[in-house]
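I'd like to go over a predicted model; first the sequence, then the structure.
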Amino acid sequence: MQTATPPSTRKAWAKAIAQPATEFPLTPLPILSGRIPQGLRGSLYRNGPARLERGGQRMGHWFDGDGAILAVHFTDATATGVYRYVQTPAYQDEAAAGTLLYPNYGTKAAGRIWERWGKPVKNRANTSVLPLPDKLLTLWEGGNPYALDLQTLETWGRDRLDYLGEGDSFSAHPKCDPETGEIFNFGISLGLNSSLNLYKSDSTGKIVQKGTIPLKGIPLVHDFVLAGSYLVFFVPPVRVNLLPAALGVSSFGEAMEWRPQLGTQILIVDRETLSLVARSEADPWFQWHFANGYVNQQGSIVVEFIRYPDFGTNQRLQEIAIGEIHTITNEILWQVEINPQTGMIIAERELLDRYVEFPVVPDAQVGQASRSIYLALHRQDMDHRREIYSAIARFDCQTQTLIEADLGKNRYPSEPIHAPDALNPEQGWVLTVVYDGNSNQSEVWIYDSDALDQEPACRLQLPQVIALSFHGRWKSVG
């Protein structure tokens with residue numbers, strides 16, 4: 001367990017996760033400034049760890065918090081919001097017991113060492129979401145997704161998508177092809193040597209095809225990219241020493257080892273057959289998230305992602321859970337060009353000399369060349385060593401320029417989500433949930449997607465503080 005930092009030494013952002021978040025039912029959201037764009041029709045969904053404490057025990061890593069979903073529904077120039085914890089059986093067990101019971105990424109199981117052996121890991125359902133026509137999936141890469149009601153966020157239960165076994169994992173970062181409606185995702189099977197399980201689903205989420213690629217050891221693979229007719233995976237040189245984690249001697253996060261001598265593996269997969277096309281090795285780096293991928297006019301695969309020089313990010317994210325950051329990371333927007341037949345890197349370059357994360361492109365451009373990448377980043381005048389991201393921006397891939405939204409001091413946005421305009425195909429909007437550390441409240445800010453340096457088109461008040469979240473999605477009406 002972690003010891004929380006004294007409140008007097010915390011940065012403003014730490015107040016957003018210092019206490020478990022409070023749910024609220026469907027509630028009309030008052031407009032603080034501007035007006036809701038007429039063409040903004042649909043729902044914003046966000047997921048994140050909203051409870052990092054139970055019974056006076058602090059969880060060991062930001063990744064371990066219990067997942068809560070925020071939904072903001074836009075209809076007829078009005079907005080309603082709802083915020084609810086995902087009611088997994090393990091969440092209900094711990095709520096009834098009033099204490100932590102299960103191990104997780106950075107938290108060891110409760111009890112004496114012999115009582116920890118073989119204890120199942122809790123599905124936190126806290127990382128991302130996937131809106132489908134008739135349900136919302138909450139995603140956590142260590143297990144099955146959970147299905148929720150799209151409007152009320154009532155938890156319906158675990159969803160195996162007509163294929164998944166009870167212990168199968170389903171990543172938090174599925175990729176949806178905007179033209180075919182196909183959904184691609186993956187999961188890792190654990191063992192002395194693991195396997196990468198590939199899934200292709202139809203637009204309803206039902207898994208219709210599976211592929212399997214063997215891997216050496218147990219790597220940490222969080223995300224991948226759809227690039228035209230390919231799926232691309234980067235396997236960084238992080239390996240899990242499974243035995244101490246399985247015995248309960250260490251948490252899974254503590255059992256992860258940075259082994260730069262292994263290099264980063266590049267896997268190129270055919271999206272139609274889900275079979276391996278090429279495997280290669282590159283210099284060591286780590287990445288959590290990809291921005292996008294596509295095939296250029298020369299037939300090469302282009303991948304844009306956030307590159308870290310090592311695995312120090314794991315320690316930094318652990319420190320967020322206790323409200324005090326000390327570890328410095330250097331996360332850079334990077335681009336590589338890859339030969340699809342060999343998997344070898346042809347060219348690579350840094351795209352932006354700023355520390356950034358949570359890259360997003362419009363849903364209509366996933367797997368294709370996109371002019372815009374939306375990002376979270378640090379304000380220029382902020383001390384990035386101790387602060388979380390305090391601004392959002394649009395990077396123009398054609399002009400190589402950055403348009404930045406400065407939210408002001410002690411305000412912290414979530415990952416920027418692009419939403420198309422239902423009335424004007426040339427118009428788009430960017431939505432972010434902002435925690436205001438000055439007033440200890442949360443709001444939804446809506447920007448013109450091409451004018452982030454202007455005032456937001458609308459600001460909406462949320463009834464309760466929304467805990468700092470990880471990922472979200474937009475679902476248009478119809």
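Sure thing, it's come through.

residues in contact with the nearest residue to D436 once chain neighbours are set aside?
Distances taken as CB to CB, 6 or more residues apart in numbering put R411 closest to D436, at 5.2 Å, once the chain neighbours are dropped. C-betas here are computed from N, CA, C, even on glycine. Applying CB atoms under 8 Å, 6 or more residues apart in numbering, one finds that R411 lies in contact with 390, 434-438.

rerun at 10 Å
Contact analysis of R411 by CB atoms under 10 Å, 6 or more residues apart in numbering lists 12-13, 379, 390-391, 434-439, 443, 445.

for V235, what are phi and psi?
Torsion angles at V235 (phi, psi; degrees, to the nearest 10) stand at phi -100, psi 100.

beta partners for the residue lying closest to it once chain neighbours are set aside?
Using CB to CB, 6+ apart and skipping the chain neighbours, the partner closest in space to V235 is Q265 (4.0 Å). Per DSSP bridges, the residues bridged to Q265 are V235, E281.

Q265: how many residues sit nearby?
19 (other CB atoms under 10 Å).

was I right to think it contacts V238?
No - with contact defined as CB atoms under 10 Å, Q265 does not count as touching V238 (11.4 Å).

worst-scoring helix or strand of the protein, pLDDT-wise?
The helix or strand of the chain with the poorest confidence is helix 113-116; it has a mean of 53 (mean pLDDT, DSSP states H and E).

hmm, back to that, so how far is R349 from the residue nearest to D436?
Separation of R411 from R349 (CB to CB, to the nearest Å): 32 Å.

got any ranges where the stretch 1-150 of the chain has weak pLDDT?
1-9, 109-118 (pLDDT under 70).

quick one: contacts for W334?
W334 sits next to 285, 287, 291, 303-308, 348-352 when contact means CB under 10 Å, 6+ apart.

beta partners for it?
W334 forms beta bridges with F305, E350, as assigned by DSSP bridges.

make sure A245 is indeed in a helix.
Yes - under DSSP: H, G, I helix; E, B strand; the rest coil, A245 sits within a helix.

for it, grab the count of nearby residues.
For A245, using other CB under 10 Å, the count is 22.

leaving aside the residues next to it on the chain, what's closest to it?
Take A245 and drop its neighbours on the chain: the residue closest to it by CB to CB, 6+ apart is A255, 4.2 Å away.

please enumerate the helices of this structure.
For the chain, the helices defined by DSSP state H cover 15-18, 89-97, 113-116, 242-247, 312-320.

I'd like those written out as TSV, with distance to D396 added.
Shown next, in TSV, are the helices of the chain (distance: least, CB to CB, whole Å):
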stretch	distance to D396
helix 15-18	31
helix 89-97	42
helix 113-116	51
helix 242-247	43
helix 312-320	26
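
for the ones you listed, which one sits closest to K122?
Minimum separation from K122 across the helices of the chain (CB to CB) falls at helix 89-97, 4.1 Å.

what's the closest one in contact with?
Here helix 89-97 has contacts from 51, 54-55, 57, 66-67, 85, 87-88, 99-102, 104, 110, 120-125, 143, 146, 155, 157-158, using CB under 10 Å, 6+ apart.

from the residues you listed, which would you call buried?
Neighbour-count burial (16 or more other CB atoms under 10 Å) applied to the contacts of helix 89-97 gives 51, 54, 57, 66-67, 85, 87-88, 100-102, 104, 110, 121-125, 143, 146, 155, 158.

what pLDDT is listed against the closest residue to T22 other than its chain neighbours?
The shortest distance from T22 to any residue other than its chain neighbours is 4.6 Å, reached at Q464 (CB to CB, 6+ apart). Listed pLDDT for Q464 reads 98.

T27 is in contact with Q464, correct?
Yes - the criterion here is CB under 10 Å, and Q464 meets it with T27 at 9.3 Å.

tell me, what's touching those two both at once?
Going by CB under 10 Å, 6+ apart, residues that sit against Q464 and also against T27 are 81, 83.

among the contacts of W334, which one lies nearest to S229?
Once CB to CB is applied, the member of these that ends up nearest S229 is V303, at 14.1 Å.

contacts only, for that closest one.
224-225, 227, 230, 232, 234, 266, 287, 290-294, 334-338, 345, 348.

ignoring the adjacent residues along the chain, who's closest to it?
Using CB to CB, 6+ apart, the nearest residue to V303 is G293, at 4.6 Å.

how many residues are close by the one you found?
Neighbour count for G293, taken as other CB under 10 Å: 27.

same thing with D134?
A total of 10 residues lie near D134 under the criterion other CB under 10 Å.

name all residues that make contact with it.
D134 makes contacts with 147, 149-150, 204-205, as judged by CB under 10 Å, 6+ apart.

what's the spacing between it and P25?
Using CB to CB, D134 is found at 21 Å from P25.

got the CA positions of stretch 175-184 in PDB?
The C-alpha trace of stretch 175-184 is given here as PDB (Å, rounded to 0.1, in the frame of the first residue of the first chain):
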ATOM      1  CA  LYS A 175      -9.400   0.200 -33.100                       C
ATOM      2  CA  CYS A 176     -12.500   0.700 -35.200                       C
ATOM      3  CA  ASP A 177     -12.300   0.900 -39.000                       C
ATOM      4  CA  PRO A 178     -14.400   4.000 -40.000                       C
ATOM      5  CA  GLU A 179     -15.200   2.500 -43.400                       C
ATOM      6  CA  THR A 180     -16.000  -1.200 -42.600                       C
ATOM      7  CA  GLY A 181     -17.100  -0.900 -39.000                       C
ATOM      8  CA  GLU A 182     -14.800  -3.800 -38.100                       C
ATOM      9  CA  ILE A 183     -13.300  -3.600 -34.600                       C
ATOM     10  CA  PHE A 184      -9.800  -5.000 -34.000                       C
END
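
buried sites along that stretch?
By 16+ other CB under 10 Å, the buried positions in stretch 175-184 come out as 175-177, 182-184.

tell me which two of those sit farthest apart.
Within these, K175 and E182 form the most distant pair, 9.0 Å apart (CB to CB).

need the overlap of contacts for these two.
Common neighbours of K175 and E182 (CB under 10 Å, 6+ apart) are 226, 271.

pLDDT value on the closest residue to A451 other than its chain neighbours, please?
Spatial nearest neighbour of A451, excluding adjacent residues (CB to CB, 6+ apart): I403 at 7.4 Å. Listed pLDDT for I403 reads 97.

ditto for the one 3 residues further on
The predicted structure scores D406 at 89 on the pLDDT scale.

which strand residues bridge the nearest residue to V360 once chain neighbours are set aside?
Leaving aside its sequence neighbours, V360 sits nearest to Y374 (CB to CB, 6+ apart; 4.6 Å). As for beta bridges, Y374 partners with V360, R394 under DSSP bridges.

how far away is Y374 from E331?
Note on Y374: its distance to E331, by CB to CB, is 15 Å.

more crowded one of these two?
Using other CB under 10 Å, the more surrounded residue of Y374 and E331 is Y374, with 27 against 22.

got a list of what the more buried one touches?
Shown in contact with Y374 (CB under 10 Å, 6+ apart): 291, 358-362, 392-395, 403, 405, 415-418, 428, 430, 432, 447, 449, 452.

many thanks, have a good one.
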